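1. here are the coordinates; sequence isn't available:
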């Protein structure tokens with residue numbers, strides 16, 4: 001029997017090559033990126049015309065009374081007496097308040113308050129700016145959901161808030177009606193102020209108002225990645241790059257008098273942007289989904305964070321915080337493994353785990369699809385029980401964080 005002949009190097013039969021699938025690479029990735037980008041542009045322009053502006057829903061008098069801690073009947077009497085802001089009154093006598101109305105009402109009540117009751121919650125001169133970094137490098141941990149709801153909750157409750165989107169994917173920006181490919185141009189992210197190369201823009205010229213009274217934002221887009229590329233080169237020039245971690249804090253110092261709190265949505269990685277945010281922070285929220293793979297990932301995150309912060313500390317960076325808390329997110333109490341994991345985390349970390357968990361909710365995810373938080377969502381779009389449970393859970397988490405801020409200020 002004749003032995004099959006071995007093919008010499010480089011000799012391949014036509015039949016074998018024809019059966020092989022063609023290889024893919026950069027050209028295909030670029031083609032897909034262009035195709036998706038163009039399609040998204042069309043979708044966004046249809047769903048959100050260039051001149052369209054997001055707005056926050058009107059609040060009922062009952063919601064406003066609960067926000068301010070007063071009786072609904074008291075608000076009604078103020079309206080009848082022509083005191084406070086002029087609000088929308090429907091034909092059935094129902095009163096609806098914009099967030100601007102609520103802010104004006106706070107100012108009126110504060111000016112006419114008797115005793116020690118304060119309706120305006122702005123920090124005083126001896127209370128330092130609170131900078132809250134929401135972080136984790138595991139995708140799906142609800143980091144952006146946490147940052148968006150926290151920033152809006154604080155603004156709705158009377159604080160002056162600056163939200164900073166440090167994630168190049170710009171999800172926090174999108175929630176607030178800013179599309180990174182349409183609305184955020186060159187030098188219109190934080191990079192415009194902290195960059196090494198080119199002209200730096202004053203932070204006050206980058207900050208944008210939102211449709212929520214008391215909340216302003218610094219949006220994101222892919223140009224933030226330039227900072228990750230520039231820092232290694234700047235570090236070679238020790239005089240210029242050795243304190244890269246001071247740049248976010250230095251930027252905030254130029255506008256700190258305008259705000260009570262800053263909420264930073266960090267990138268899902270431990271890069272130079274995240275380290276700069278952690279160096280500027282006074283409080284840290286680490287989000288964690290209560291499943292084994294996520295907790296294992298968090299262990300690696302904490303190890304890497306400790307090692308990198310040690311380097312920052314040796315270089316003179318800030319590595320001490322008013323508080324640090326773990327927030328359990330997307331929690332399903334009836335899921336036995338998740339419940340066990342939460343018990344495990346509480347047993348291990350004790351009071352460092354926030355008292356309340358962010359419950360998994362179809363209302364939160366459905367609102368997210370519409371680029372809204374649960375606070376913005378129209379109640380008519382959900383069953384009453386579903387949205388009430390979602391808001392109650394979100395408020396409980398955010399009240400826990402607000403309490404930490406007030407403790408840091410010495411108010412409680």
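-> Structure's in. What do you need? Since the structure is predicted, the reported quantities are computational estimates derived from the model, not experimental observations.

2. for the stretch 101-250 of the chain, which segments count as helices?
-> Counting by DSSP state H, counting those that start in this stretch, the stretch 101-250 of the chain has these helices, from start to end: 143-156, 171-175, 191-194, 225-236, 238-241, 247-253.

3. what do you get for the stretch 251-400 of the chain?
-> Under DSSP H, counting those that start in this stretch, the stretch 251-400 of the chain gives helices at 272-280, 292-314, 336-349, 362-369, 384-408.

4. to residue 338, which of the helices of the stretch 101-250 of the chain lies closest?
-> helix 143-156 (17.2 Å; C-beta to C-beta). Yep, even glycine has a C-beta here, placed from its N, CA and C like the rest.

5. can you list the residues that contact stretch 196-209?
-> The contact list for stretch 196-209, computed with C-beta atoms under 8 Å, 6 or more residues apart in numbering, reads 162, 178, 187-190, 192-194, 216-219, 230-231, 233-234, 240-241, 251-252, 254-255.

6. which among the residues you listed count as buried?
-> 162, 178, 187-190, 192-194, 216-219, 230-231, 234, 241, 251-252, 255 (16 or more other C-beta atoms under 10 Å).

7. how about low-confidence regions in the chain?
-> 1-19, 21-26, 28-30, 33, 36-38, 40-52, 115-117, 238-242 (pLDDT under 70).

8. domains of it?
-> 59-111, 130-408 (automatic domain parsing).

9. one step back: how about a markdown table for the helices of the stretch 101-250 of the chain, with distance to residue 80 added?
-> Formatted as a markdown table, the helices of the stretch 101-250 of the chain follow (distance: least, C-beta to C-beta, whole Å):
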| stretch | distance to residue 80 |
| --- | --- |
| helix 143-156 | 25 |
| helix 171-175 | 37 |
| helix 191-194 | 49 |
| helix 225-236 | 55 |
| helix 238-241 | 63 |
| helix 247-253 | 44 |
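
10. among these, which is the most enclosed?
-> helix 143-156 (a mean of 26; mean count of other C-beta atoms under 10 Å).

11. what helices and strands are in contact with it?
-> If you count contacts as 3 or more C-beta pairs under 8 Å, 6 or more residues apart in numbering; DSSP states H and E, helix 143-156 packs onto helix 99-111, strand 130-135, strand 161-165, helix 171-175, strand 215-218, strand 261-265, strand 283-288, helix 384-408.

12. right, and these - which one's nearest residue 34?
-> Across the helices and strands packed on helix 143-156, closest to residue 34 is helix 171-175 (C-beta to C-beta), at 20.2 Å.

13. could you list the residues in contact with that closest one?
-> By C-beta under 8 Å, 6+ apart, helix 171-175 touches 144, 147-148, 163, 165, 179-180, 183-184, 217, 219-221, 265, 368, 371-373.

14. closest one to residue 20 among the domains of the chain?
-> Once the domains of the chain are compared by C-beta to C-beta, domain 130-408 is nearest, at 33.7 Å.

15. any idea how far residue 281 lies from residue 368?
-> 25 Å (C-beta to C-beta, to the nearest Å).

16. one more: residue 282?
-> Using C-beta to C-beta, residue 282 is found at 28 Å from residue 368.

17. one more: residue 231?
-> With C-beta to C-beta as the criterion, residue 231 and residue 368 are 32 Å apart.

18. what's near enough to touch the nearest residue to residue 292 once chain neighbours are set aside?
-> Take residue 292 and drop its neighbours on the chain: the residue closest to it by C-beta to C-beta, 6 or more residues apart in numbering is residue 341, 7.0 Å away. Shown in contact with residue 341 (C-beta under 8 Å, 6+ apart): 290, 291, 292, 295.

19. circling back: okay, the helices and strands packed on helix 143-156 in JSON lines with distance to residue 360 next?
-> Output for the helices and strands packed on helix 143-156, formatted as JSON lines (distance: least, C-beta to C-beta, whole Å):
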{"stretch": "helix 99-111", "distance to residue 360": "28"}
{"stretch": "strand 130-135", "distance to residue 360": "18"}
{"stretch": "strand 161-165", "distance to residue 360": "24"}
{"stretch": "helix 171-175", "distance to residue 360": "18"}
{"stretch": "strand 215-218", "distance to residue 360": "25"}
{"stretch": "strand 261-265", "distance to residue 360": "20"}
{"stretch": "strand 283-288", "distance to residue 360": "13"}
{"stretch": "helix 384-408", "distance to residue 360": "9"}
